[in-house]
Structure formats: structure tokens, C-alpha cells
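Chemist: Show me how the following folds:
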Amino acid sequence: MRNPFVPGAWRYALPVAALAALLRRRFPRGWLAVLALAGAALGFHRDPARDPPESGVLAPADGRVSVIRTEGDRVRVGIFMNLHDVHVNRAPVAGVVESVTHSPGGHWPAFTKASDRNERLAVDFGEYEVTLVAGAVARRIHPYVEPGDELDRGERLGHISFGSRVDVLFPPETDPSTLAVESGDRVTAGETVLATE
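Modeler: Sure thing, here's the model as predicted:
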């Protein structure tokens, strides 16, 4: 049976659960709130199965489309992940990972323009690039891939702990009219089509 949580999820939940156990006798009601926090930490790191459609460039993240812009001759689509969204990120297209590049930076709210200066991890597929951007609460980006890995559409790339954004930079030849989403749309990682290929 597949693990329904991301690797290391229990690292966040167990210390809080242990604290709840210590508080149980002294605070008969308060310890339940602490235990609920442990459950929330585990729920945040859930990793449900996804069923990709047969074609199209897939959303790499659950959340809401917060960025659609043209950068030179390329289109960027950014997805803001709220705390209640699944934070496992997925490959929008099939391909070989050419590079995985970590860039240090700030921790501004991921839905703001200032987040363009945040810590990030860029996964280069050659024609496409997926960038995992840390947010105000997110402090850890956990990549699952390395250069040379061959991925299928919808396969897991990594996850970000606690609030963030994921961008897809499309190839130069991409026509913006092929986009199937608009700013504000809700999308599901590995299932929602961002653009027709």
C-alpha cells in the first residue's frame, strides 16, 4: 500500500503529538487543541494519487492561478498554494530533468510580486522549467528529482512545506491562446490542463 503522506511528514507531526501527550494530564481540554495541530501538520503533508488526462500541459500544483505573464518570448503561469492545498508538486510534461538549481532568497508571501525574490528551486526540463518558490511560512523545499531523471507527466517532483507558489515557464514557441486557464482559476496538480500542446 502506498504511503498517503510525503516523505518526512511524521517529522512535523510527532513532536507536536508528543507535546499533546505530555499536556494531557495537566490540561484536560487544552491538549486536544495541540493534538489537532499534529493532525493538521500530517494532513498538510498528504500525498493523494492523481489521474492525469491523456494530453496537455498539466498543473504542477494544487491551488489558484495567481500569475499569467509574458517574459520576453515566454509565458509564465504561477500557482499559489494555500495552507489547505496539497503541496506535492508534479511534472507538467514528460521529459528528462536537465538540471535542478536551488537559489537562496527571502520568504515574502508567495502571492505577492515581492515573492519573485524568494528562495526557489528550478527544475529544468529543457523546453519547460518548473520553479518551486518558498513563501512566507514555507521554509523547506524538498526535491525528489535530480539531473538525468526521466519523468512521466504528473509524476512527483517534490514538495514544499507550508505555503508557497509553483511556476511553469513555457517554451518560446508557446502561443498564449493555447492556455486553458485564467488568473483566479482553481487547479489540481497532475490533473488540470494548463495548456494544450
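
Chemist: end to end, how far does stretch 69-82 reach?
Modeler: 21 Å (Cα to Cα, to the nearest Å).

Chemist: do stretch 71-87 as well
Modeler: 26 Å.

Chemist: any idea how far that stretch is from the chain center?
Modeler: 9 Å (Cα atoms, centre = their mean, to the nearest Å).

Chemist: Buried residues in it, which are they?
Modeler: 75, 77-81, 85-87 (16 or more other Cβ atoms under 10 Å). All C-beta spots, glycine's among them, are computed from the backbone N, C-alpha and C.

Chemist: Would you list the phi and psi of Gly78?
Modeler: phi -110, psi 140 (degrees, to the nearest 10).

Chemist: Begin at 38, not 1, for the rest of this chat.
Modeler: Happy to do that; since the first residue is 38 now, the last one works out to Gly115.

Chemist: Tell me how far it lies from Arg202.
Modeler: Distance of Gly115 to Arg202, given as Cβ to Cβ, to the nearest Å: 5 Å.

Chemist: same thing with Ala70?
Modeler: From Ala70 to Arg202 the distance is 30 Å (Cβ to Cβ).

Chemist: Same drill for those two, tell me which one is more crowded.
Modeler: Arg202 (27 against 11; other Cβ atoms under 10 Å).

Chemist: Give me the mean pLDDT for the helix or strand harbouring the more buried one.
Modeler: Counting by DSSP states H and E, the element that carries Arg202 is strand 201-206. On average, the pLDDT along strand 201-206 is 93.

Chemist: got it, and stretch 210-219?
Modeler: 93.

Chemist: With only the CA atoms kept, save that stretch in PDB.
Modeler: Listed next in PDB are the C-alpha coordinates belonging to stretch 210-219 (Å, rounded to 0.1, in the frame of the first residue of the first chain):
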ATOM      1  CA  GLU A 210       7.000  28.900 -29.300                       C
ATOM      2  CA  THR A 211       4.000  28.600 -26.900                       C
ATOM      3  CA  ASP A 212       1.100  30.600 -28.200                       C
ATOM      4  CA  PRO A 213      -0.700  32.300 -25.200                       C
ATOM      5  CA  SER A 214      -4.000  31.400 -26.800                       C
ATOM      6  CA  THR A 215      -3.300  27.700 -26.100                       C
ATOM      7  CA  LEU A 216      -3.700  28.400 -22.300                       C
ATOM      8  CA  ALA A 217      -6.700  26.700 -20.800                       C
ATOM      9  CA  VAL A 218      -6.700  28.600 -17.500                       C
ATOM     10  CA  GLU A 219      -7.200  32.200 -16.400                       C
END
